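J.: sequence isn't available, so here's the structure alone:
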């Protein structure tokens, strides 16, 4: 359990993208639009209409994304998305290549114990550039099956998805195993190799995915260091 005293001094690391009006999205997907419906000048208060998309920015995939009749986002178990998480630095042999299976298999015991994994490829350093949407480091179906066998309940990624060449196979393996997939995480360079995850998707009912606020909580910051690390 995280004590009150621990929280007072802990680092809170924001792993979520900001979502501005007109945010850049994957080519062909809907762009978010914000419109004021009340203003301080006209009404004495402010409210906005938000037009969003289920896979906008940092978000989580529910089983319904690739499994007909699968659970939708509001049914995702919070226990799957809150708790210890292992952060792994992983490599690829070429741009858009497959993440080395050895980078994951070497940590099986840690992964099994935590039940949650974040794969750090460094791809979030490309957020805001056209290259972010180019073929990204990807998880193979075999590695996805291996993670599922280890019983993980959450897989976090700093890429737009787990795969761009075998998208259906990889999603299906993970989602059928009850693993929540968190995509487009940022700020992963701030994480240590063992962290504490809190992922809270917007409770939108009946849809296949939902934008999420994802943070990590770690031990006290160094003297003079930031208590809250925000995405750059």
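T.: Yep, it's here. Everything quoted here is computed from the prediction, not taken from an experiment.
J.: which stretches in the protein count as strands?
T.: For the chain, applying DSSP state E gives strands covering 10-14, 33-38, 47-51, 59-61, 82-89, 116-120, 154-157, 180-183, 194-201, 209-220, 228-229.
J.: generate CSV for those strands, with mean pLDDT as supplementary columns.
T.: Below are the strands of the chain laid out as CSV (pLDDT from 0 to 100):
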stretch, mean pLDDT
strand 10-14, 95
strand 33-38, 98
strand 47-51, 98
strand 59-61, 98
strand 82-89, 97
strand 116-120, 98
strand 154-157, 98
strand 180-183, 98
strand 194-201, 98
strand 209-220, 95
strand 228-229, 64
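J.: would CSV of those with distance to residue 172 be doable?
T.: Using the backbone N, CA and C atoms, a C-beta is placed for each residue, glycine as well. Formatted as CSV, these follow (distance: least, C-beta to C-beta, whole Å):
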stretch, distance to residue 172
strand 10-14, 30
strand 33-38, 32
strand 47-51, 30
strand 59-61, 11
strand 82-89, 22
strand 116-120, 18
strand 154-157, 13
strand 180-183, 11
strand 194-201, 20
strand 209-220, 15
strand 228-229, 34
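J.: can these go into JSON lines with extra columns for mean neighbour count and distance to residue 144?
T.: Shown next, in JSON lines, are those (neighbours: other C-beta atoms under 10 Å; distance: least, C-beta to C-beta, whole Å):
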{"stretch": "strand 10-14", "mean neighbour count": "20", "distance to residue 144": "26"}
{"stretch": "strand 33-38", "mean neighbour count": "12", "distance to residue 144": "34"}
{"stretch": "strand 47-51", "mean neighbour count": "10", "distance to residue 144": "33"}
{"stretch": "strand 59-61", "mean neighbour count": "26", "distance to residue 144": "13"}
{"stretch": "strand 82-89", "mean neighbour count": "18", "distance to residue 144": "14"}
{"stretch": "strand 116-120", "mean neighbour count": "23", "distance to residue 144": "11"}
{"stretch": "strand 154-157", "mean neighbour count": "26", "distance to residue 144": "8"}
{"stretch": "strand 180-183", "mean neighbour count": "24", "distance to residue 144": "10"}
{"stretch": "strand 194-201", "mean neighbour count": "20", "distance to residue 144": "19"}
{"stretch": "strand 209-220", "mean neighbour count": "19", "distance to residue 144": "18"}
{"stretch": "strand 228-229", "mean neighbour count": "16", "distance to residue 144": "29"}
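J.: now the residue nearest the centre of the chain: closest residue in space, sequence neighbours ignored.
T.: Closest to where the C-alpha atoms of the chain average out (C-alpha atoms, centre = their mean) is residue 182, at 3.1 Å. Nearest residue to residue 182, sequence neighbours excluded (C-beta to C-beta, 6 or more residues apart in numbering): residue 156, at 4.2 Å.
J.: I'd assumed residue 184 was in contact with the one you found.
T.: No - with contact defined as C-beta atoms under 8 Å, residue 156 does not reach residue 184; the gap is 9.7 Å.
J.: residue 216 versus the residue lying closest to residue 230 once chain neighbours are set aside, what's the distance?
T.: In this structure, residue 230 finds its nearest non-sequential neighbour in residue 14, 5.2 Å apart by C-beta to C-beta, 6+ apart. Distance, residue 14 to residue 216, using C-beta to C-beta, to the nearest Å: 9 Å.
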